[in-house]
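Enquirer: any chance you can model this:
(chains A, B and C)
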Amino acid sequence: MVCKAQRQNEGVNDDIDDLIRLDLFRRQIEIRHCEQRAYDLFLQNLVKGTSHLSLGQEAIASGFATAMKEGDKSFCTYRGHAHTLARGAPMHAVLGELMQKDCGLMRGKGGSMHLTDVDHGVMGSYAIIGAHLPIAVGSAWRAQYLGDDDVTTAFFGDGTTNIGAFHEALNYAAVFKLPVVFVCENNFYMEYTPISEITAVENPAADRASAYGLESILIDGNDADVVYRTAQAAYAKARAGHGPSLIECKTYRHSGHSRADPGAYRPDGELDDWKTNRDPIKIYRARLKEFGISEDVINEIDAKALAQVDEATERAKASGFPPANILATDVYADGGWAWRN
Amino acid sequence: MAELTYREAVAAGIAQEMERDERVAFIGEDIARAGGVFKATVGLLEKFGSKRVIDTPISEEAILGAAMGAAMTGMRPIAEIMFSDFLAVCWDFIANEMSKSRYMSNGQLPCPLVVRTANGGGSRFGAQHSQSVENWAMMIPGIKVIAPSTPADVKGLLAASVRDDNPVIFFEHKSLYATKGEVPDGEYIDKLGTAKIVRVGGDATILALALMVPRALQAAEKLKVETGIDCEVIDVRSLVPLDTQTILSSVAKTGRLFTVEENPRLCGWGAEIASIVADEAFWDLDGPIVRITTPHIPLPAADNLEDLALPDAARVFETVRKVMG
Amino acid sequence: MNVLMPQLGETVTEGTISRWFKVVGDKISAGEALLEIETDKTSMEVESIESGVVAEICAQMGAVVPVGNVIAVIAAVDAPTREFELSKPTGADGNVGEVEDLYGAVVTPLKNFGQVRTENGLRITPLARRVAERDGVDIQALARDLAERGVTKIYRDDVCSADQISSSTSIPTSASISATSSGSERIKLNRMRRSTGAHLAQSWSEVPHVFQAVDVEMDKVERVRKQMNVHASVTGGVRLTYLAFVSRAVCLAVRSFPLINAHMDGDALIVHHGVHLGVAVDLDYQGLVVPVIRNADGLNVMGLAREIESAVERARRGALIEDDLSGGTYTISNSGSFGTLFTVPIINRPQVAILSTDGIRKRPVVVEADEGDSIAIRPVGIIGQSFDHRAFDGAYSAAYLRELKQILETRDWSAEIDAHT
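Expert: Got it, this is the predicted structure:
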């Protein structure tokens, strides 16, 4: 897949406030440093089990999270660290969960694939492909039903567009005009297979929108400004009661499908091309400078993010492991697991 | 007290809860305008309106997913899956999602919802529309599983299920919809996790569920009259949570256990109870535990063939008589 | 810092070092490739996390190393020192902490009752084995008898019939059967009877028993009892028996006569502070058990009635456990329901006394008054006590009985009951 700069409103782009831009950058660089740290920690055998990194896909998480309001709900897949961090979940709790420590977001009971932080609107990360789309639809139904004004966002990959639950969720949301935004992060590979080989249309999400009466939206997922702008429009539409949106963001992942996969199925040079020319962090550094933000300020944000990651790492390392007495808690609403009297 | 049919009791139970709590809404296929394919939800659309009683597309995964997402964020929905056989179509949401989200999130994500479904055979719908699948649900940790046999139990247990903060799978029996029974007037709430002794006896304990309860009672009457064997019949009603105390006390009294299960033999709900009794109550047993079940085959469509497959009162009578000697 | 062999795949347990990009002494920067690793699934480059100098290479090219082992050491050079405040470890180590009984969701009974096959090859159900042990039935002998009749499996009923000695439900009168060969039957005593018999014989022969009795007018008790039982039949509460009142009176009387609630220990008397009351329960004429109501002195009449009812029910059901039968400090034997006049009970060693309550019947009693004596009809019963004369004398025992009588006849029973309903 040859990467090409795709910019909306090329040449304009001055509608975004500087403070928002700093936020967009801050979120991306925090994700970058934290995900990189997760990778390093796995090499040291401190991050266990399985882990799906979002390196290279930071702009999507950052763009949407920055456009969200407090109280908005988000659902994501097992590749959910970025989305969890972007909504403000504490770093030490994210790293802690990956390291199976008691300080983890779910005290080690969910693991990397199920990061959940309800306090920050992260309503779970889901490992069964497509399952969270109908669930996100349910959250949006609730908003419409109770008259709440929050919007629900569901993030998923290109592979998800071929599973049944995707289609059921899109149709249902469109029929009932629910305030939900479906975001497809097309990184061109469904696990180890190029998406184009197993999808009947070229753009797995954007080309299917019309099947549900929705507008086809296809954007450069590595430009945080573009993502932010698109997100804002979709959220405004949803909050006004005009129903769901389906947005396809083109992006690329720097690491393998999971940290166990070195990604050798990608053609030579493809990764380097994206890393050199379409890295979202590089793009955004340049963008900030373009809008007059000084190198010092940018570096300060960068350094602060790294320091936060360092502190979070030490804190997670210092935490104990989950105690045995939480093994059977919270199976049922009463906190217990009893199935008999 | 009023005499209601089992299907009227379903609508009454849903109505009672929807009246009481604004957060309760009801979704499913053909449940609103048509009042349900089994006419079990007639009148609800008229009473509560289309915002709260919703006809969905044929999208079992979306139905359960939507119910779960709504329950997770503040509602208390009821979702219908038309035939319990179709649970297989959206099984991910029962086995992997709603049963585990609270645990995996360490208590952050609640799921107060009810999935009601028409279960069981005897209505000649053939292999894919007649199964008894309570045992499929029984074996998933994190949910509750209910199967009432009378109109009163339908209303009371459905109310209790809606009020329960956990995901509850509520198995109505399609061949019981036309049966009648006395239902208490006014607000009526029963208790999940309780079995009912529907016939007191001292010689043997017979456990039954849903459609098998009236058949077990018939067999018990015949046994008493023709052989003197006096059976205690227990309507299990709730598979999870299981009222083991009532069952164990009964076996301690009688020393004998039989189960009458509509599900096919392997891993039926009675197998688990038999194992618990054979363990905890081993020293109360005066004879083998015997399970009377549908054979391990798909169900046929023809009347006479289906009748041969499902346990009937005659088969229960014969088995108990033969085993008790 | 140590460089470890990384986990390359979820099921991978080892990797092969295919190439080192550095040698010992080389400088390396964070992010620079250090070595290449191969597993049977894939190969990948591993970057160094820190900057520094390669201090040690622990595994050579071609070596197969388990995941997690140290393969190199990098000495950090000019590494910026970062000060972090380590937060307190949260939670405990994975091994510490109470695991509730997760693995005991189904409770397996640990007491076993014999073998499934008898010596002569008959099979016996679990329930039959348990009942046989409870009732002291000789399983092997029973099995021999049954085998002669062609039986192959032994059920509970078989054991109970054997236990009944004869197939009729009449009261066995083994005491009056003489040992002549014709016109008599040899009835072997069941195990329970054999063991309690030995205990009773020893008690009788070793303890100097003295018996004393008082007759007690139970009209006040009767009035309250009747009232409460009407109430109970409506509410489903516990029914009050005379025994509950007597038990309560015993607990109260013993406060003034503590030596009654004691046991002999050689040349000393062990006086107990709490009253653990044994209540003799007849098991359908098959034998006696004496379940103990612990801390009976802490219960009022209602509480005692409840405890007695529960103990008797468990005794009849065969559900008493070791704990239920031990630790008694005083015993009451109640023959009242049979209408006896009085009974001289045998002391339950090593306790020093035992009470007997007998039939309560309407009798004419003399009521004394200043205006003159008159006759009234009142329910009256004899309460007697056998005591160990080594522990105390007749005067002490008699005074205790007088106290007991006084309590039963004059206590404000309705006040006690009202306080708790």
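Enquirer: can you give me the helices for the stretch 201-350 of chain C?
Expert: Assigned by DSSP state H, counting those that start in this stretch, the stretch 201-350 of chain C shows helices spanning C:219-235, C:242-256, C:301-317, C:322-325.
Enquirer: got a list of contacts for the shortest one?
Expert: The set of residues external to helix C:322-325 that reach it, using Cβ atoms under 8 Å, 6 or more residues apart in numbering or on different chains, is C:289-292, C:311, C:314. Every C-beta, even on glycine, is put in place using the N, C-alpha and C of the backbone.
Enquirer: export the helices of the stretch 201-350 of chain C as TSV, with columns for mean neighbour count and distance to residue B:287.
Expert: Compiled in TSV, the helices of the stretch 201-350 of chain C are given as follows (neighbours: other Cβ atoms under 10 Å in any protein chain shown; distance: least, Cβ to Cβ, whole Å):
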stretch	mean neighbour count	distance to residue B:287
helix C:219-235	15	38
helix C:242-256	22	38
helix C:301-317	19	20
helix C:322-325	12	29
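Enquirer: TSV for the ones you listed, including mean pLDDT and distance to residue A:214?
Expert: Listed next are the helices of the stretch 201-350 of chain C as TSV, based on pLDDT from 0 to 100; distance: least, Cβ to Cβ, whole Å:
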stretch	mean pLDDT	distance to residue A:214
helix C:219-235	84	67
helix C:242-256	94	79
helix C:301-317	86	70
helix C:322-325	74	72
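Enquirer: adding distance to residue A:28, write those out as CSV.
Expert: Putting those into CSV (distance: least, Cβ to Cβ, whole Å) gives the following:
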stretch, distance to residue A:28
helix C:219-235, 72
helix C:242-256, 79
helix C:301-317, 71
helix C:322-325, 68
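Enquirer: how about the residues of the stretch 201-341 of chain A by chain B?
Expert: Counting by Cβ under 8 Å from any Cβ of the partner chain, the positions of the stretch 201-341 of chain A adjacent to chain B are A:326, A:329-335, A:337-341.
Enquirer: how about 6 Å then?
Expert: A:330-333, A:339-341 (Cβ under 6 Å from any Cβ of the partner chain).
Enquirer: check these for burial and list the buried ones.
Expert: A:330-332, A:339-340 (16 or more other Cβ atoms under 10 Å in any protein chain shown).
Enquirer: isn't residue B:207 up against residue B:259?
Expert: Yes: if you go by Cβ atoms under 6 Å, residue B:207 and residue B:259 touch, sitting 4.6 Å apart.
Enquirer: would you format the contacts of helix C:322-325 as JSON lines with distance to chain B included?
Expert: Converted to JSON lines, those look like this (distance: Cβ to the nearest Cβ, whole Å):
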{"residue": "C:289", "distance to chain B": "19"}
{"residue": "C:290", "distance to chain B": "23"}
{"residue": "C:291", "distance to chain B": "18"}
{"residue": "C:292", "distance to chain B": "23"}
{"residue": "C:311", "distance to chain B": "18"}
{"residue": "C:314", "distance to chain B": "12"}
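Enquirer: the residues you listed also near chain A: which ones?
Expert: Of the contacts of helix C:322-325, not one also sits near chain A (Cβ under 6 Å from any Cβ).
Enquirer: ok, and for stretch C:140-147, which residues are buried?
Expert: Here stretch C:140-147 shows C:142-143, C:146 as buried, counting by 16+ other Cβ under 10 Å.
Enquirer: nearest to residue B:66 among the residues of the stretch 201-341 of chain A next to chain B?
Expert: Each of those was checked against residue B:66 using Cβ to Cβ; the closest is residue A:333, at 20.3 Å.
Enquirer: domain parsing for chain B?
Expert: For chain B, the domain assignment from automatic domain parsing gives the residue ranges B:2-183, B:196-324.
Enquirer: state the distance from residue C:223 to residue C:248.
Expert: Residue C:223 sits 16 Å away from residue C:248, going by Cβ to Cβ, to the nearest Å.
Enquirer: same check, this time on residue C:397
Expert: Using Cβ to Cβ, one gets 20 Å for the distance from residue C:397 to residue C:248.
Enquirer: picking that back up, dump the domains of chain B into CSV; add distance to residue C:25, mean pLDDT and mean neighbour count as well.
Expert: As requested, those are exported to CSV (distance: least, Cβ to Cβ, whole Å; pLDDT from 0 to 100; neighbours: other Cβ atoms under 10 Å in any protein chain shown):
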stretch, distance to residue C:25, mean pLDDT, mean neighbour count
domain B:2-183, 49, 98, 22
domain B:196-324, 65, 96, 20
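Enquirer: next one: phi and psi at the most centrally placed residue in chain A?
Expert: For chain A, the residue nearest the mean C-alpha position is residue A:83 (3.5 Å; Cα atoms, centre = their mean). Residue A:83 adopts backbone torsions of phi -70, psi -30, taken as degrees, to the nearest 10.
Enquirer: what helix or strand is the residue nearest to it when sequence neighbours are not counted located in?
Expert: Nearest residue to residue A:83 in three dimensions, chain neighbours excluded: residue A:76, at 4.1 Å (Cβ to Cβ, 6 or more residues apart in numbering or on different chains). In the assignment (DSSP states H and E), residue A:76 maps to strand A:73-77.
Enquirer: counting contacts, what elements does that strand pack onto?
Expert: Packed against strand A:73-77 by the contact rule (3 or more Cβ pairs under 6 Å, 6 or more residues apart in numbering or on different chains; DSSP states H and E) you find strand A:122-126, helix A:132-146, strand A:152-157.
Enquirer: and the shortest one, how far out from the chain's middle?
Expert: Here the centre of mass of C-alpha atoms in strand A:122-126, compared against the chain's by Cα atoms, centre = their mean, to the nearest Å, lies 10 Å away.
Enquirer: then the last one?
Expert: Centroid separation between strand A:152-157 and its chain, computed with Cα atoms, centre = their mean, is 8 Å.
Enquirer: now do that strand, average pLDDT.
Expert: Strand A:152-157 shows an average pLDDT of 98 in the prediction.
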